[in-house]
Every structure is written in C-alpha cells, then in structure tokens.
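1. can't give you the sequence, but here's the structure:
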C-alpha cells in the first residue's frame with residue numbers, strides 16, 4: 001500500500017545531506033530504526049523506489065528522512081536534492097530489522113547513521129540513552145551528519161573517526177579490529193551496525209573474533 005505525501009520542510013545538514021519533513025498518512029506506523037520504500041511523485045520517477053530510514057519518531061505528526069544525495073550519477077537521490085517544499089513523495093509501508101534491544105555499542109558508516117538517529121531520539125526521550133555508545137566513521141569532518149547533536153547528547157560515548165582527514169576531536173582511521181580492541185571493554189553487549197556492506201562484513205567478523213555473540217550483532221540482513 002502506498003501513500004502520496006507532500007514535503008513540508010527541507011533543511012541542509014551537510015554539503016550533501018538534507019533533512020526532509022513530509023506529511024504523515026493517517027494511521028501510519030513504524031518502529032525507530034525502520035525504513036520504507038520512497039519514490040518521487042513525478043513522471044519517470046514513480047516506479048524508482050529507494051529505501052530510506054525514518055528519522056522522526058512514531059508519535060510525531062510528520063515523517064522525516066535524512067537523505068544523502070549522490071551527484072556522480074543521474075539517480076533518485078540527485079533528483080531528490082532538487083525537490084522543493086510542496087513537491088510530493090510516494091511512501092510504502094514500513095519494514096526493517098534494526099531495532100533497539102538494549103544498551104550497547106552502535107557502529108555507523110556515513111549515511112548508515114540514519115536508523116540510529118531515530119533510535120537515539122527515542123531512547124533519549126525515554127531516559128535510556130546513557131550507557132549507549134556510538135562509533136561514527138566518515139571520510140572527512142564535513143561528512144559527519146548531526147555531529148553537534150551526538151556530541152551534546154552522548155558526550156564521551158560518541159567517537160568520530162575520519163579516514164581521509166586528521167582533525168582535532170576526531171580519531172583517524174577506521175573501525176577495524178585494533179580500534180575495537182582498544183575501545184570496547186565488554187564484547188558480551190549488544191552491537192548495532194549500519195553502513196556500506198563491506199564495512200558491516202568486516203566489522204561483524206572482527207567483533208566475532210573478539211568474542212561478540214553473533215546473535216547480539218544487529219544489522220539489516
């Protein structure tokens with residue numbers, strides 16, 4: 001089942017990421033961390049569906065998506081970047097396996113942060129954010145989505161890693177086995193992974209080698 005919704009608000013977050021607020025269909029429901037297929041309600045794009053994660057909370061009166069645009073090819077995200085308030089999106093039903101199961105360490109790469117935005121907002125509202133950690137890997141400091149929000153709410157439990165820029169306040173490198181060994185003291189906790197598939201594969205393998213329970217590693221299968 002699909003619904004057509006109007007875009008209500010657009011805000012730039014980084015050089016290639018924007019936050020889109022849209023109408024919420026009556027009775028629409030989802031769980032923080034879930035996504036839905038989205039298409040643009042314009043000729044040539046209605047069948048071009050792409051999965052985007054909700055960054056709004058289920059009880060809010062609108063839907064919100066944080067979307068990175070890729071300008072190196074004429075794709076859907078490049079077209080979304082040119083949309084204006086009042087343009088329409090087509091949203092399908094919600095789906096997705098990334099859901100909060102209890103305190104743990106969240107590991108995100110680039111735009112893979114989006115499912116964690118809603119989860120962190122939700123557990124912050126419920127007073128359960130403390131004790132959760134976030135390792136957020138990006139190329140440069142300009143790519144770090146909502147950096148101020150994460151620093152403010154997670155404090156020392158937020159570690160930003162950059163692999164193409166050395167900058168104060170950020171660690172240099174990747175979330176590899178050595179980094180995990182240095183920064184995680186307890187591998188029996190929950191781990192939440194979201195990012196490019198090669199990163200998820202490599203981090204999952206490192207976590208298991210360090211003693212994490214494969215059942216406690218949550219990612220979109």
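-> Looks like it came in fine. Quick caveat: nothing in here was measured; it's all calculated off a predicted structure.
2. Show the average pLDDT along stretch 199-213.
-> The pLDDT scores in stretch 199-213 average 96.
3. List the neighbours of that stretch that are in contact with it.
-> Contacts made with stretch 199-213 from outside it, assessed by Cβ atoms under 8 Å, 6 or more residues apart in numbering, are listed as 107, 109, 112, 137, 175-177, 180-181, 184, 187-188, 191, 193-194, 214, 217, 219. For the C-beta atoms, the positions are set from N, CA and C on the backbone; glycine is no exception.
4. quick one, domains of this structure?
-> 3-95, 104-218 (automatic domain parsing).
5. What separates the first and last residues of the shortest one, distance-wise?
-> Looking back up the chat, that one is domain 3-95. Start and end residues of domain 3-95 are separated by 15 Å (Cα to Cα, to the nearest Å).
6. and that domain, how far from the chain's centre?
-> Averaged C-alpha coordinates place domain 3-95 at 13 Å from its chain's average position (Cα atoms, centre = their mean, to the nearest Å).
7. The contacts of stretch 199-213 in helices, which ones?
-> Members of the contacts of stretch 199-213 lying in helices (criterion: DSSP state H): 177, 180, 181.
8. Phi and psi next, for residue 119.
-> phi -60, psi -50 (degrees, to the nearest 10).
9. Isn't it up against residue 31?
-> No. The pair formed by residue 119 and residue 31 falls short of the contact definition of Cβ atoms under 8 Å, at 9.2 Å.
10. So between these two, which is more surrounded?
-> Residue environment comparison for residue 119 versus residue 31 gives the larger neighbour count to residue 119, 24 against 16, counting by other Cβ atoms under 10 Å.
11. Many thanks, have a good one.
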